[in-house]
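Asks: this one's structure only:
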């Protein structure tokens, strides 16, 4: 295997904190918040860069206006669909009462506030008790569906603030209609809730904050659509679209809503949905679940092979809840389990039939979120070495395993 680095688009904000504050003030935030008002600020379950810092700026500005901020967990059924689980998940993202100096509301009590074509639209009761709501979320292509509205402010409203009930209701519709459901459900919440502003976060190919945009409630629908198109241009991927074997060190909800980003691996595993033509990876191996995911390896069904150590850490209840809520049950199915990394890789190669090892097209990544550095087989290197976006970091090296038969940590190679 050869160590390589991809030169992806890097455009981080030099001072994201001041950019957030400047953006809020330019959007007329001061006139929207009254002294003494209870202001709800949404916080989701995704690993958004600088999310605690961004929320801190909103909290501080609310306080300077003489109002009372409260952080509302807005993550649907994530965190096991329980208040305690959602609180622990927010804390793991650096979102805590001690850090933000604002209370966290992780209640999951909801009520129906409207109807969409797919059914009832739900909203957290505590959100309705607020005098004003500020919706904060990243705009990004989704891992389960595509359309004009995917991951963003409208989804935060209809699924995130809808709690487990809202997530379950929306996922009753056909997979091909999910983008429409997000839009229609989000508009229903906007009619019922005291939303005063949206703060959209966009990231570069290294998951760094590159832009923050304030949206007025009436602009959510059409502006979010254009921001999603912009976000697509920064979605990273692997430098090749065709592999025999992809080795993924870590899966987890902190990495992607599906454990592995389906846009990167080219697999959906949703009954009734057409699988992407590319990328096309014949075999996918997942070795471990990220510690930050707390055993939630939902999306493990996207792989073909895994290890006993991953299965030993699996939180089957969390995985089951995600699968039943989304209705995408194939993603929760456990693939072929091997004792260690060496045997998992050997099984994957063996399953390809009688092959010349020198011709194998293999890549190894840490996870689908961090793709700037990877290891590739010599055959893959032959195909990508001339790309101006690829730097070769060293000569070919033999694959090394520990005495337990596991690969050396990914970071040790870079």
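Replies: Nice, thanks for sending it over. What you are looking at is a predicted structure, and each value in this text was computed from that prediction instead of being measured. Numbers count the residues shown, from 1 in each chain.
Asks: Domain parsing of the chain, as residue ranges.
Replies: 16-232, 237-413 (automatic domain parsing).
Asks: Out of those, which is the most enclosed?
Replies: domain 16-232 (a mean of 20; mean count of other Cβ atoms under 10 Å). Glycine gets a C-beta too; all of them are placed from N, C-alpha and C.
Asks: Need the distance between the two termini of that domain.
Replies: End-to-end distance for domain 16-232: 21 Å, by Cα to Cα, to the nearest Å.
Asks: Distance to residue 5 and mean pLDDT for the domains of the chain - can I get that in JSON lines?
Replies: What follows is the domains of the chain, written out as JSON lines (distance: least, Cβ to Cβ, whole Å; pLDDT from 0 to 100):
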{"stretch": "domain 16-232", "distance to residue 5": "12", "mean pLDDT": "96"}
{"stretch": "domain 237-413", "distance to residue 5": "5", "mean pLDDT": "94"}
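Asks: And these: which comes nearest residue 7?
Replies: Residue 7 sits nearest to domain 237-413 of all these, at 4.7 Å, using Cβ to Cβ.
Asks: tell me how far the ends of that closest one are from each other?
Replies: 20 Å.
Asks: Please renumber the chain so that the first residue is 27 from this point on.
Replies: I'll keep to 27 as the first residue from here, and by that count the last item is domain 263-439.
Asks: Run the chain-centre distance for it.
Replies: 16 Å (Cα atoms, centre = their mean, to the nearest Å).
Asks: swap in stretch 148-157?
Replies: Distance of stretch 148-157 from the chain centroid (Cα atoms, centre = their mean) equals 25 Å.
Asks: Kindly report the same for stretch 46-53.
Replies: 26 Å.
Asks: what does stretch 123-139 give?
Replies: Offset of stretch 123-139 from its chain centre (Cα atoms, centre = their mean): 21 Å.
Asks: ok, back up a step: make JSON lines out of the domains of the chain and add distance to residue 35.
Replies: Converted to JSON lines, those look like this (distance: least, Cβ to Cβ, whole Å):
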{"stretch": "domain 42-258", "distance to residue 35": "4"}
{"stretch": "domain 263-439", "distance to residue 35": "10"}
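Asks: Of all these, which one is nearest residue 29?
Replies: The nearest among the domains of the chain, by Cβ to Cβ, is domain 263-439 at 4.0 Å.
Asks: can you give me the strands in the stretch 177-326 of the chain?
Replies: 221-229, 235-241, 268-277, 306-315 (DSSP state E, counting those that start in this stretch).
Asks: Each with direction, which strands does the first one pair with?
Replies: Think strand 221-229. Sheet pairing for strand 221-229, assigned by DSSP bridges, gives strand 158-164 (parallel), strand 235-241 (antiparallel).
Asks: After the helix or strand hosting residue 31, which helix or strand is next?
Replies: Take DSSP states H and E as the rule and residue 31 turns out to sit in strand 28-32. Once strand 28-32 ends, the next helix or strand along the chain (criterion: DSSP H and E) is helix 42-52.
Asks: quick revisit: could you dump the strands paired with strand 221-229 into JSON lines and include distance to residue 303?
Replies: Formatted as JSON lines, the strands paired with strand 221-229 follow (distance: least, Cβ to Cβ, whole Å):
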{"stretch": "strand 158-164", "distance to residue 303": "27"}
{"stretch": "strand 235-241", "distance to residue 303": "29"}
